[in-house]
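A.B. asks: next one to model:
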Amino acid sequence: MTTEYPTLPQRLLDSLDRYKCPRAQIYKAGGRWQSIPAREMLRRMAGLSAALVEIGVREGDRVSVFAPNCPEWHIADYAVTGLGAVSVPIYFRESAERIQYILRHSDAKVLFVAGEDQAVRLREMRQSLESVEHIIVAGAAASMDALDMNVLTYDAVIAKAGDTEVAAYRSRVPALRSNQLASIIYTSGTTGEPKGVMLSHANFVSNGMAAFERFGMGPADLGLSFLPLAHVYERIADYGYLSCGIPLAYVARTEEVTQALMEVKPTVTAAVPRFFEKFYSTLLERGAQATGFRRRIFDWAIGVARRSVPWRAYGQPASLWLKLQWRLADRLVYAKFRAGVGGRIRFFISGGAPLSRELAEFLTAAGFQILQGYGLTETSPVIATNLPNENRIGTVGKPIPNMEVRIAEDGEIQVRGPSVMMGYYQKPEETRAVLSPDGWLSTGDIGYLDKDGFLVITDRKKEILKTAGGKMVPPAPIENLLKTSPYISSAVLVGDKRRFVAALIVPNFVNVQARAKEEGVTLGSPAQIVAHPWVHKLIEGEIARLTSHLAQYETIKRFALLDHDLTFDGGELTYTLKLKRRVIEQRFADVIERLYAEPSPARP
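C.D. replies: Numbering: from 1, shown residues only. This next block holds a predicted model:
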């Protein structure tokens, strides 16, 4: 018997009516935080939805949303899906080439754009918007004046919305079906051409109900939205906040996250491992800059946290002396760590990529609760997650209640459930390659279920390195190990079909500089730092220290230091900050070739 789920708009209407949240959406404008009540959010949704009807949007039509995280993103999304139309999100910093591909491939009829930067970019791409018949622009009307297209302004559209539009919206929603296509989400393309993942209302809602509602949150909480809403991970988290009456604060630029945490003081937020790595790195940087007594206190507290891991992270017995030391360290140091993220965080949700066990252990020992989960765009996205009262570090938690999980003979994780996608848009062969006739999706990830039913991910099937000697080396766990060093910012393992494993390393320039100063070594620019023999020896020692337990064939024989970090803007990372390995290997092909040249390791 198939379970019937409400649609996304119906679920939101139920929430808005039940909670009547006075601060449903929170955003920063003019240097201060402002809020939109639930009733006003509904009015704006209804007004925009009515405008879409007027310009000819019908059930099944594609409407693309090109905006940063902001209230207008969700207002547009619910306005579109409330008509039975299909939202097609585009990452707000996406490349022109991919924007054109998504609009063309999805046959987007209308484009909703918010933000000056996005409007300017679209104006530059005017000749490439063949399928787009109308543009609705929020907050950047002046940038679109010269555009020879049908342009509506968001402010004008919603200004005239009232009870009539709200009633019309409410009357349309019950007629929607949960098995209707709600959205086409284009994958980040880490392994080739992006694919449009088709997700229905039932896909989203079944996933949110099974995954999010078990976290035990409600209107007293406050969520922070800063990961790209074009990605399904932040999107399902935000749907969860809104459906539970939780006020949702938006951060439009990742550079503003630190300040927003301090000002908004959220109780929960979804993040990716890179966020925690940067946070950890910042803590160590500040400690390295301290001197005298403050430095000794900091170093002592870090040591106490590491000794407390068995107790704090795994519940093992601890001596009274260690507990007393931890309490003192918490008062002097760890409490300041927590204050740095607002001081009210109940827990972080971590997803999008594997989180280093060592990093999770340290942060847990310092008083943070990090709940790691796992999923794919193709599963809407959550497959498994840890919970506040059932959290096992080193795993991604137990599969959510309505998700079946099995492990294939080669170790690949396969899943089946109501949140598994409808398929890839206009790509039937690619769909058949991963989705069996009886509904089992091959995830492309390697892992296993432990004796208690917790899921452990070891690596991506396509990313496992196979050395010339036939040895299989999962790169992600080793890369995560390296990034726990205070002197290493990023690491990428290479070695597929090669004689041995090597690595590209981006130093943490601030910490390396601080260490060099302590030892009387003078360093200059990043380019001079990575060329300095003292730095090479320092990193070599860190690699040896962190990987001494690995098998011989897994150890890093050579490495090269890069003088800049890997970024999305540079093309090396996806918008959830996962490595684009193919791009990195192509971009640094010469460096990699020198690593494998005789007789000695190369430096870029």
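
A.B. asks: so the nearest residue to residue 108 once chain neighbours are set aside, which state does it fall into?
C.D. replies: Spatial nearest neighbour of residue 108, chain neighbours left out: residue 64 (4.1 Å); criterion: Cβ to Cβ, 6 or more residues apart in numbering. All C-beta spots, glycine's among them, are computed from the backbone N, C-alpha and C. Classification of residue 64 using DSSP: H, G, I helix; E, B strand; the rest coil returns strand.

A.B. asks: and the average pLDDT for the strand ranked longest in the chain is what?
C.D. replies: The strand spanning the most residues in the chain, taking DSSP state E as the definition, is strand 441-449. Mean pLDDT, strand 441-449: 95.

A.B. asks: now for that strand, which elements pack on it?
C.D. replies: strand 404-407, strand 412-416, helix 428-434, strand 455-460 (3 or more Cβ pairs under 8 Å, 6 or more residues apart in numbering; DSSP states H and E).

A.B. asks: quick one: that strand to chain centroid distance?
C.D. replies: In terms of Cα atoms, centre = their mean, to the nearest Å, the centre of strand 441-449 is found 19 Å from the chain centre.

A.B. asks: residues touching that strand, excluding its own?
C.D. replies: With Cβ atoms under 8 Å, 6 or more residues apart in numbering as the test, strand 441-449 has contacts from 374, 376, 378-379, 383, 405, 407-408, 410-416, 420-421, 434-436, 455-462, 464, 474.

A.B. asks: and these, which are buried?
C.D. replies: The neighbour-count test (16 or more other Cβ atoms under 10 Å) marks 374, 376, 378-379, 383, 405, 413-416, 420-421, 434-435, 455-461, 464, 474 as buried among the contacts of strand 441-449.

A.B. asks: how about the helices of the stretch 51-200 of the chain, start to end?
C.D. replies: Counting by DSSP state H, counting those that start in this stretch, one finds helices in the stretch 51-200 of the chain at the ranges 71-81, 96-106, 116-124, 141-144, 154-159, 163-172.

A.B. asks: buried deepest among these, which one?
C.D. replies: Among those, ranked by average contacts under mean count of other Cβ atoms under 10 Å, first place goes to helix 71-81 (a mean of 27).

A.B. asks: angle of it against strand 62-66?
C.D. replies: 180 degrees (axes from the mean of the first three to the mean of the last three Cα atoms, to 10 degrees).

A.B. asks: then helix 71-81 to PDB, C-alphas only?
C.D. replies: Listed next in PDB are the C-alpha coordinates belonging to helix 71-81 (Å, rounded to 0.1, in the frame of the first residue of the first chain):
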ATOM      1  CA  PRO A  71      13.200  35.200   1.800                       C
ATOM      2  CA  GLU A  72      12.400  35.600  -1.900                       C
ATOM      3  CA  TRP A  73      13.900  32.200  -2.700                       C
ATOM      4  CA  HIS A  74      11.300  30.300  -0.700                       C
ATOM      5  CA  ILE A  75       8.500  32.700  -1.700                       C
ATOM      6  CA  ALA A  76       9.300  32.000  -5.300                       C
ATOM      7  CA  ASP A  77       9.600  28.300  -4.800                       C
ATOM      8  CA  TYR A  78       6.300  27.900  -3.000                       C
ATOM      9  CA  ALA A  79       4.600  30.300  -5.500                       C
ATOM     10  CA  VAL A  80       5.800  28.000  -8.400                       C
ATOM     11  CA  THR A  81       5.000  24.700  -6.800                       C
END
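
A.B. asks: angle of that helix against helix 163-172?
C.D. replies: Using the same axes, to 10 degrees: helix 71-81 against helix 163-172 is 60 degrees.

A.B. asks: helix 71-81 - contacts with which helices or strands?
C.D. replies: Using 3+ Cβ pairs under 8 Å, 6+ apart, helix 71-81 sits against helix 8-19, strand 25-29, helix 38-54, strand 62-66, strand 86-90, strand 108-114, strand 181-186, strand 248-250.

A.B. asks: strands paired with the shortest one, and their directions?
C.D. replies: Strand 248-250 pairs in its sheet with strand 25-29 (parallel), strand 223-225 (parallel), by DSSP bridges.

A.B. asks: and those strands: which comes nearest residue 4?
C.D. replies: strand 223-225 (27.5 Å; Cβ to Cβ).

A.B. asks: show the pLDDT at the residue nearest to residue 108.
C.D. replies: 97.

A.B. asks: try residue 579
C.D. replies: So, for residue 579, pLDDT stands at 86.

A.B. asks: what's the neighbour count on the nearest residue to it once chain neighbours are set aside?
C.D. replies: Using Cβ to Cβ, 6+ apart and skipping the chain neighbours, the partner closest in space to residue 579 is residue 492 (6.1 Å). For residue 492, the count of nearby residues is 23 (other Cβ atoms under 10 Å).

A.B. asks: could I get the helices of the stretch 51-200 of the chain as a markdown table with mean pLDDT and distance to residue 266?
C.D. replies: Shown next, in a markdown table, are these (pLDDT from 0 to 100; distance: least, Cβ to Cβ, whole Å):
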| stretch | mean pLDDT | distance to residue 266 |
| --- | --- | --- |
| helix 71-81 | 98 | 16 |
| helix 96-106 | 90 | 31 |
| helix 116-124 | 81 | 25 |
| helix 141-144 | 59 | 32 |
| helix 154-159 | 93 | 27 |
| helix 163-172 | 97 | 29 |
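
A.B. asks: quick one: closest of these to residue 548.
C.D. replies: helix 96-106 (42.0 Å).

A.B. asks: could you export the closest one as PDB, CA atoms only?
C.D. replies: Output in PDB follows, covering the C-alpha atoms of helix 96-106 (Å, rounded to 0.1, in the frame of the first residue of the first chain):
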ATOM      1  CA  ALA A  96      27.500  31.400 -17.300                       C
ATOM      2  CA  GLU A  97      28.000  28.100 -19.200                       C
ATOM      3  CA  ARG A  98      26.100  26.100 -16.600                       C
ATOM      4  CA  ILE A  99      23.300  28.700 -16.300                       C
ATOM      5  CA  GLN A 100      22.800  28.500 -20.000                       C
ATOM      6  CA  TYR A 101      22.800  24.700 -20.000                       C
ATOM      7  CA  ILE A 102      20.300  24.500 -17.100                       C
ATOM      8  CA  LEU A 103      17.900  27.000 -18.600                       C
ATOM      9  CA  ARG A 104      18.100  25.400 -22.100                       C
ATOM     10  CA  HIS A 105      18.000  21.700 -20.900                       C
ATOM     11  CA  SER A 106      15.100  22.300 -18.500                       C
END
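
A.B. asks: between it and helix 116-124, how many degrees?
C.D. replies: 70 degrees.

A.B. asks: residue ranges with poor pLDDT in the stretch 451-600 of the chain?
C.D. replies: 598-600 (pLDDT under 70).

A.B. asks: can you map out the helices along it?
C.D. replies: Under DSSP H, counting those that start in this stretch, the stretch 451-600 of the chain gives helices at 475-482, 509-518, 526-531, 533-546, 581-587, 589-595.

A.B. asks: packing partners for the last one?
C.D. replies: Helices and strands touching helix 589-595, by 3+ Cβ pairs under 8 Å, 6+ apart, are strand 501-507, strand 556-561.

A.B. asks: which element, helix or strand, includes the closest residue to residue 212 other than its chain neighbours?
C.D. replies: Among residues not flanking residue 212 along the chain, residue 240 sits closest, at 3.3 Å (Cβ to Cβ, 6+ apart). Using DSSP states H and E, residue 240 maps to helix 232-243.

A.B. asks: elements contacting that helix?
C.D. replies: Using 3+ Cβ pairs under 8 Å, 6+ apart: helix 232-243 touches helix 8-19, helix 201-211, strand 223-225, strand 248-250, strand 268-271.
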